[in-house]
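K.L.:
Give the three-dimensional model of this entry:
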Amino acid sequence: MRGPVGVMKTSLAIAILLKHIYSGGKGLFIPMASLLDTIFSLKAIDKEKWAKFEEDLRNLPLIVIDDLGAEYSGGEGWVKTKVDSIITERYNNMLPVIITTNLEIEDMQGTYAERITDRIGSTTSQIVFAGPTLRPRPGRKGA
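P.N.:
The predicted structure is shown next:
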């Protein structure tokens with residue numbers, strides 16, 4: 001799901017995940033920045049919880065990665081390696097992942113390894129959102 005901020009990408013992704021869970025499935029919603037923070041923190045604090053979290057990322061029947069591309073990318077090679085690892089393992093195991101992003105395809109290709117953008121492109125249907133933010137603003141009707 002791709003588009004500008006505030007156009008309900010995350011809300012739709014969560015709705016799909018909840019439908020899956022309410023139908024008896026298992027899944028995980030994780031914002032990209034939180035995903036990386038959780039991996040980093042758990043690894044330092046609790047190796048067992050870290051290993052379980054990593055296993056869930058690779059093996060849960062459905063995960064939603066929210067805001068791909070919003071993670072810190074200031075030269076941290078492990079960030080791109082982690083994204084590569086998650087997408088590759090889920091691709092190889094034919095497990096779905098819903099991705100929300102503000103990135104255009106060209107930006108994603110410039111940020112992540114070509115094999116990742118190719119895997120995402122070959123196995124996904126894109127839903128492109130457009131329009132202004134739907135989030136209420138002070139002074140705007142409905143706020």
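K.L.:
contacts and neighbour counts: CA atoms only from here.
P.N.:
Fine.
K.L.:
quick one: low-confidence parts of this structure?
P.N.:
For the chain, the stretches flagged by pLDDT under 70 are 71-77, 113, 139-143.
K.L.:
what separates the residue nearest to the spatial centre of the chain from Ile45, distance-wise?
P.N.:
Centrality entry for the chain: nearest residue to the mean C-alpha point is Ile65, 1.6 Å, by C-alpha atoms, centre = their mean. Relative to Ile45, Ile65 is positioned 23 Å away (C-alpha to C-alpha, to the nearest Å).
K.L.:
Tell me the buried residues in the helix or strand hosting Thr81?
P.N.:
Using DSSP states H and E, Thr81 maps to helix 77-92. Neighbour-count burial for helix 77-92 flags 79-80, 83-84, 86-88, 90-91 (criterion: 16 or more other C-alpha atoms under 10 Å).
K.L.:
swap in stretch 26-39?
P.N.:
For stretch 26-39, the neighbour count (16+ other C-alpha under 10 Å) marks 27-29, 31-33, 35-36, 38-39 as buried.
K.L.:
what packs against the strand ranked longest in the chain?
P.N.:
Determined from DSSP state E, the single longest strand within the chain is strand 62-68. For strand 62-68, the packing partners by 3 or more C-alpha pairs under 8 Å, 6 or more residues apart in numbering; DSSP states H and E come out as helix 9-22, strand 27-31, helix 32-45, strand 97-101.
K.L.:
and the angle from the one helix or strand Glu55 maps to to strand 97-101?
P.N.:
Assigned by DSSP H and E, Glu55 belongs to helix 47-59. Counting by axes from the mean of the first three to the mean of the last three C-alpha atoms, to 10 degrees, helix 47-59 points 90 degrees away from the direction of strand 97-101.
K.L.:
packing partners for helix 47-59?
P.N.:
Using 3+ C-alpha pairs under 8 Å, 6+ apart, helix 47-59 is in contact with helix 32-45, helix 77-92.
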